[in-house]
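Visitor: Fold the following and give me the result.
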Amino acid sequence: MIVVPSERIAEFKAKGWWGERTLDDLFEQHVRTRPHEEACVDPVNAFDIVGRQPRRLTWAEMEDLVARYAAVFHEHGLRKDDALVVQLPNLVDLPAIYLACARLGIIVSPAPAQYREHELAHIMDKIGARAVITATRIGKNRHADMMCRVQDERPQLELIFALGLPHEGALGMEALLRNVSRGDHFKAERAAREAKITADDVVTICWTSGTEASPKGVPRSHNEWIIMGEAVVHAGDIEPGDTLLNPFPMVNMAGLSTSFISWLLVGGRLIQHQPFDLQIFLKQIREEKVDYTVAPPAVLNLLLQNEALLEGIDFNRLQNIGSGSAPLSEWMVDTFHKKYGVQITNFFGSNEGASFPSTYRDVPDPAQRAAYFPRFGEGFVWNSWLHDRLFTRLVDPDTEEEINEAGRTGELRVKGATIFSGYWRAPEINARAFDAEGWFRTGDLFEMAGDRLQFYRFVGRLKDIIIRGGMNISSEEIEGHLVGHPAVADVAVVGAPDPGLGERLCAFVVFKPGQTADMAELNLYLTEEKKVAVFKQIERLEPIDALPRNPVGKVLKRELREKLKA
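Guide: As a prediction, the model looks like this:
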């Protein structure tokens with residue numbers, strides 16, 4: 001399925017920004033040239049996560065696993081443009097599933113492991129998912145049970161595949177993979193040839209939250225993913241054959257572009273990690289001889305505050321670390337370089353494709369790199385892979401006036417080869433998401449900075465979202481749930497600043513006369529009654545007599561945020 005307009009495809013290919021290679025083409029190249037080299041490694045705690053011993057696979061063994069998954073999916077009736085929801089932790093199976101689907105033209109829709117019935121039902125309804133693959137359990141949660149409950153109300157959801165112990169109502173994937181016959185392989189190979197997949201076909205539909213109450217689907221093609229991976233490889237100085245450690249869930253831009261796509265481009269080793277565990281993370285860096293990884297700012301700060309944790313790490317190999325999703329510390333960026341020779345790359349990005357790597361080449365000063373991002377498309381020359389492929393401007397969101405001076409805050413608007421073409425089957429939302437000239441409204445507020453106004457400095461968000469540990473959470477969604485609680489008369493949810501996660505959810509609640517509820521009761525309502533993901537629970541409760549509103553009744557969340565700062 002191709003959703004990118006044909007004129008856009010033709011323009012980007014004529015400029016050399018997009019090509020004809022698919023993700024499967026990248027993969028097959030490494031299978032041919034380095035079949036016996038190690039390709040992908042499970043988390044060392046895989047047994048605790050899904051009840052299976054960790055695995056280490058070569059490129060040839062990865063090809064065998066990809067082919068077996070493709071055969072199973074085809075044998076069970078999945079065809080080109082069918083949608084498969086994938087809810088799995090970071091295992092060697094995850095890239096194999098993505099590649100098997102890319103080979104057949106099945107559209108993958110990844111769901112975070114934390115999603116529960118509420119979010120999963122929305123995703124499946126929105127894309128008309130025919131099948132889902134999960135694990136019988138992920139950690140302590142019984143995911144196969146949960147999927148069966150979701151399936152009960154969705155006749156279009158025909159198949160539930162489950163890794164791990166057998167589960168009534170789900171197809172045991174391990175047994176299916178073992179029993180693939182030569183004939184099954186042949187039929188899947190023929191289906192892949194007949195599908196005639198191009199680099200412009202949709203590979204994934206990932207999910208993002210914004211001002212709307214429900215997550216929005218972001219379709220991305222092979223070309224749209226490859227250009228993002230190329231930007232990461234260039235920004236991180238990642239070399240062919242390098243070992244990459246991936247601690248981010250492979251469900252969105254952060255986890256896919258910085259690990260899966262980059263790995264396919266350089267053909268090294270992909271070391272999987274999840275859920276985040278600092279001791280296991282450091283153990284993997286030491287024992288697997290990691291060349292590149294990513295980590296939240298809070299983790300990097302913690303490591304420098306406890307430098308004994310860094311003993312035994314080979315910093316002759318690990319010379320670049322990516323970070324982002326929260327403000328970086330100048331001290332942290334500077335200290336990693338001066339003491340360990342490590343360059344910290346500051347990434348700002350979104351599922352929609354707005355991506356701004358701030359690297360040591362473009363922003364050598366640590367203080368600036370911690371806060372500033374290159375201003376693309378304005379006549380400035382940068383070393384970034386995207387410097388001539390992504391275009392930006394600042395616009396006053398109230399007047400639509402373009403801003404070209406310091407000291408004024410504007411909404412960042414973007415165009416270019418990384419930007420998606422629109423949300424999945426959401427024409428009304430798309431009409432608001434792009435302005436009259438086709439620029440994507442990021443909803444992020446920036447100011448110009450630098451002696452030549454060559455940088456952008458992030459100021460805040462126009463959209464009412466909370467970013468908790470890199471996960472976007474819609475305030476409107478949580479408010480819509482909480483207002484249904486019997487004790488709640490009115491509610492507003494905002495982000496409370498947090499040094500570790502960036503923000504945590506804070507609910508300002510007006511209770512009904514004579515009624516009240518504590519935070520535990522409200523969270524039980526969210527998770528048990530409304531079936532929302534655990535990471536969307538409120539973490540601070542502020543009872544209030546009345547919410548501040550403007551003359552037309554809009555809640556003044558600015559005043560609530562000021563209360564939190566005070």
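
Visitor: Could you list the domains of this structure?
Guide: 23-197, 465-565 (automatic domain parsing).

Visitor: low-scoring stretches of this structure, by residue?
Guide: Applying pLDDT under 70 to the chain flags the ranges 210-213, 550-554.

Visitor: Contact partners for the closest residue to Phe391 other than its chain neighbours?
Guide: Closest residue in space to Phe391, ignoring its immediate chain neighbours: Gly377 at 3.2 Å, by CB to CB, 6 or more residues apart in numbering. (Each C-beta comes from the backbone N, C-alpha and C, glycine too.) Counting by CB atoms under 8 Å, 6 or more residues apart in numbering, Gly377 touches 388, 390-393, 415-416.

Visitor: Please repeat the previous calculation with a cut-off of 7 Å.
Guide: 390-392 (CB atoms under 7 Å, 6 or more residues apart in numbering).

Visitor: most surrounded residue in those?
Guide: Greatest neighbour count in the contacts of Gly377, by other CB atoms under 10 Å, goes to Leu390: 24 neighbours.

Visitor: so who does that one touch?
Guide: By CB under 7 Å, 6+ apart, Leu390 lies in contact with 376-377, 414, 416-418.

Visitor: between these, which is closest to Asp451?
Guide: Set against Asp451, the nearest of those by CB to CB is Phe376 (17.9 Å).

Visitor: tell me which element the closest one falls in.
Guide: For Phe376, there is no host helix or strand (DSSP states H and E).

Visitor: list the contacts for it?
Guide: Neighbours of Phe376 in contact, by CB under 7 Å, 6+ apart: 382, 386-387, 390-392.

Visitor: Name the nearest of those residues relative to Met62.
Guide: Leu386 (29.1 Å).

Visitor: so the closest one sits right up against Val232, yeah?
Guide: No. The pair Leu386 / Val232 is not scored as a contact, 10.4 Å apart, by CB atoms under 7 Å.

Visitor: Please, where are all the strands along the stretch 1-150 of the chain?
Guide: 38-41, 56-58, 83-86, 107-110, 131-135 (DSSP state E, counting those that start in this stretch).

Visitor: now the fourth one, how far from the chain's geometric center?
Guide: The one in question is strand 107-110. With CA atoms, centre = their mean, to the nearest Å as the basis, strand 107-110 stands 13 Å off its chain's centre.

Visitor: What is it packed up against?
Guide: Applying 3 or more CB pairs under 7 Å, 6 or more residues apart in numbering; DSSP states H and E, one finds that strand 107-110 contacts strand 83-86, strand 202-208.

Visitor: Can you lay out the contacts of Phe376 as JSON lines showing secondary structure?
Guide: Formatted as JSON lines, the contacts of Phe376 follow (DSSP: H, G, I helix; E, B strand; the rest coil):
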{"residue": "Trp382", "secondary structure": "coil"}
{"residue": "Leu386", "secondary structure": "coil"}
{"residue": "His387", "secondary structure": "coil"}
{"residue": "Leu390", "secondary structure": "strand"}
{"residue": "Phe391", "secondary structure": "strand"}
{"residue": "Thr392", "secondary structure": "strand"}
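
Visitor: I'd like to know how many residues surround Ile344.
Guide: With other CB under 10 Å as criterion, Ile344 counts 26.

Visitor: Kindly apply the preceding question to Ala170 instead.
Guide: 24.

Visitor: now it, nearest residue through space, not along the chain?
Guide: In space, not counting the residues next to it along the chain, Ala170 is nearest to Ala162; the distance is 3.9 Å by CB to CB, 6+ apart.

Visitor: That neighbour against Glu174, yeah?
Guide: No. Using CB under 7 Å, Ala162 is not in contact with Glu174; the gap is 9.2 Å.
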